[in-house]
Structures are given as structure tokens and as C-alpha cells.
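Asker: Below: sequence and its predicted model.
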Amino acid sequence: MNAKFFLLLAVVSAASAQRRPYAYNAPRFSDESFESSEAKYDFQWAVSDDSSSNEFGHQEARDGDDTRGSYYVQLPDGRLQTVKYFVDGDSGYVAEVSYEGEARYPDSYESFESREYRPPRPLYG
């Protein structure tokens, strides 16, 4: 009985699948729609987490083909790395990287393998 039911179900599924032909049509658009809608935006965001010393952010502005922006990150050695950039037509992405501060390193290094994992202590407020 079950075999007959599944056979009937397979035949009905195959028959219904054949009744719905699928045709793919390429998207249609005109070149005029791209000319009239030039990109224009401006955004900025930043993260500052005192507990982990994470400091980073990004800002960018674009008006048509003119794109300018910068981003920064606080490096583990204590320096602040800033990248200022712009897009120069066919030359592409042009960046200027700068650093603020002086690199500081601990007196002794421990390898990652020698460090013991300790779960964070719970904070109760």
C-alpha cells in the first residue's frame, strides 16, 4: 500500500512539474538610468572600547566619481594608524598612511603556547 502511494505521489509530482514551464529572461534596462543616478553618500562610524583598548573608525564621502575618506585603528603596540584615501579616476585608490605615537613593546614576550587560559572573572553589580 505504501509503495503504491509513493509511486502515485511521484507520478503526480512529475506531471505537475511538467505543466509549469520555466523561462529565463535577461534583465532589461537602459543606459540612461545609470547616467541619471550618480552615487552620493556620506557616512561615519567609530568604536571605542576601554576594556579591550579597541579604537577604530571609518568615514567616507562620495559625490559621483569623487570619493574621499579615512579610517584609523589603535595598533597593539600603542600607535594610532590612520589611512587617508581618495579615488583618482583611472589611477584608482590612492592612500596615505600615517602613524601617531611611539611603538611600545613589553620587556618580555610570552609565546601564545605558554599562556594559560583563565576564564574571565564574573562581575556582579
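Answerer: On my side now, so go ahead.
Asker: how about the strands of the chain, start to end?
Answerer: In the chain, the strands defined using DSSP state E lie at 40-49, 54-63, 66-74, 80-88, 92-100.
Asker: Mean neighbour count, those: which tops it?
Answerer: The highest mean neighbour count among the strands of the chain, using mean count of other Cβ atoms under 10 Å, belongs to strand 66-74: a mean of 16. Bear in mind the C-beta positions are built from the backbone N, C-alpha and C, glycine included.
Asker: got the CA positions of stretch 63-71 in PDB?
Answerer: Output of stretch 63-71 as PDB, limited to C-alpha atoms (Å, rounded to 0.1, in the frame of the first residue of the first chain):
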ATOM      1  CA  ASP A  63      29.700  62.500  -4.800                       C
ATOM      2  CA  GLY A  64      29.600  61.000  -8.300                       C
ATOM      3  CA  ASP A  65      33.100  59.900  -9.200                       C
ATOM      4  CA  ASP A  66      34.700  61.900  -6.300                       C
ATOM      5  CA  THR A  67      35.300  59.600  -3.300                       C
ATOM      6  CA  ARG A  68      37.300  60.600  -0.200                       C
ATOM      7  CA  GLY A  69      37.700  59.100   3.200                       C
ATOM      8  CA  SER A  70      39.800  57.800   6.100                       C
ATOM      9  CA  TYR A  71      40.000  55.100   8.600                       C
END
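Asker: which outside residues touch that stretch?
Answerer: Residues from elsewhere that reach stretch 63-71, judged by Cβ atoms under 8 Å, 6 or more residues apart in numbering: 38-40, 56-62, 82-87, 89.
Asker: can you tell me the average pLDDT over that stretch?
Answerer: Averaged over stretch 63-71, pLDDT sits at 91.
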